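# need a 3D model of the sequence below.
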Amino acid sequence: MHQDYHSGNIFLEASRTPIMGDLGLSKSAIESADDENNEVYGIIPYIAPEIFQGQKYTKASDVYSFGMIMWELMTGRRPFWDRSHDTDLIIEICDGLRPPIITNAPEGYIKLMKKCWNSDPTKRPTARSLHSKIYAVLGKEWKYRYSPTEVIVSPDIGPIPTINPNAIYKSRPLSTMIKSEENTINTKKIDKRKFDEFFENNEENDENDKTSKKLCVYENHDYLTKEFRFNIDNNDIDKINKIGYNGLYITREIGFDI
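Residues are numbered from 1 along each chain as shown. Presented below is the predicted three-dimensional model:
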């Protein structure tokens, strides 16, 4: 396993054969399983989400990184070039955020790339499978080389003339940042639990309320809501229309201290 796999560590020999460099963190799968060192080192967009969640590096983690390199090859841009590489990005990657998909590519390429991105490491292709499938894609393109696939870039990708100044494409220690991310996620889980408990305790008392209620929980700039819809008679609808609202919801905000 490389453990710091990104495009900056891929070099071309004189024969145009790609080779991997910067092998300082490389270990066998057995060595990694026995390693007690929990330091995470690398470039945020290329690191698999399970690593941010405290799991150890595996071969599947390198496959995730390769998926990001596949995206880079198709777009000519580095993943998340327009974002600050910070705790917020780590949280969004763990929540499933991936770079925007190009709308056309060689047959099978996008599907393979997305498999490499899968949040579940066990659902990513193995390196051996990845090798054979890439050659299959290249074989089809060579067959139709006189009318190659035209790559159409998604409007979500750009153009943006410069990258975000806080997009850092140099490997660095990330354990402190990951610890901050874990604390933020735990805080959000606590807020959500309190949010759910509030409605569980008050739902029975609100059965006859004809309004839709909205609960706002302000914590770390998050905004959580839950809505209930009830039957409204004609008199209530007339009242709603008089205040310029055409729907069937009245929203009441309930503020409370957590």
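# for the stretch 1-150 of the chain, which segments count as helices?
Along the stretch 1-150 of the chain, counting by DSSP state H, counting those that start in this stretch, helices occupy 29-34, 49-52, 59-75, 87-94, 109-116, 127-143.
# what about Arg78, how many residues nearby?
Applying other CB atoms under 10 Å, we find 21 residues neighbouring Arg78. Bear in mind the C-beta positions are built from the backbone N, C-alpha and C, glycine included.
# ok, now which ones touch it?
Contacts here follow CB atoms under 8 Å, 6 or more residues apart in numbering; on that basis Arg78 touches Ser7, Pro45, Glu72, Ile163, Ala167, Tyr169.
# sorry, back to before: now mean neighbour count, mean pLDDT and distance to Ser15 too, for the helices of the stretch 1-150 of the chain, in a markdown table please.
Converted to a markdown table, those look like this (neighbours: other CB atoms under 10 Å; pLDDT from 0 to 100; distance: least, CB to CB, whole Å):
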| stretch | mean neighbour count | mean pLDDT | distance to Ser15 |
| --- | --- | --- | --- |
| helix 29-34 | 12 | 50 | 30 |
| helix 49-52 | 21 | 95 | 34 |
| helix 59-75 | 21 | 93 | 19 |
| helix 87-94 | 19 | 95 | 36 |
| helix 109-116 | 18 | 94 | 24 |
| helix 127-143 | 13 | 86 | 17 |
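# now the ones you listed as JSON lines including distance to Pro173?
Supplementary listing: these in JSON lines, determined by distance: least, CB to CB, whole Å:
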{"stretch": "helix 29-34", "distance to Pro173": "17"}
{"stretch": "helix 49-52", "distance to Pro173": "13"}
{"stretch": "helix 59-75", "distance to Pro173": "17"}
{"stretch": "helix 87-94", "distance to Pro173": "14"}
{"stretch": "helix 109-116", "distance to Pro173": "25"}
{"stretch": "helix 127-143", "distance to Pro173": "27"}
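# returning to what we had before: of the contacts of Arg78, which is the most crowded?
Using other CB under 10 Å as the neighbour test, the contacts of Arg78 are led by Pro45, with 24 neighbours.
# what residue spans form the domains of the protein?
Segmentation of the chain into domains, based on automatic domain parsing, reads 7-170, 182-254.
# ranking these by mean pLDDT, which is last?
Ranked on mean pLDDT, the bottom entry among the domains of the chain is domain 182-254, at a mean of 51.
# Arg172 is in contact with Tyr41, isn't it?
Yes: the pair Arg172 / Tyr41 is scored as a contact, 7.0 Å apart, by CB atoms under 8 Å.
# looking at the two, which one has more neighbours?
Neighbour count, other CB under 10 Å: between Arg172 and Tyr41, Tyr41 has more, with 15 against 12.
# from Lys123, how far out is the more buried one?
Distance of Tyr41 to Lys123, computed by CB to CB, to the nearest Å: 25 Å.
# kindly report the same for Ala136.
For Ala136 relative to Lys123 (CB to CB), the value is 19 Å.
# same question for Thr87.
Separation of Thr87 from Lys123 (CB to CB) stands at 26 Å.
# swap in Ala167?
Ala167 is 28 Å from Lys123, by CB to CB.
# got it, and Ile102?
In terms of CB to CB, Ile102 sits 22 Å off from Lys123.
# out of the contacts of Arg78, the closest to Arg83 would be?
Using CB to CB, Ala167 is the member of the contacts of Arg78 that lies nearest Arg83, at 6.3 Å.
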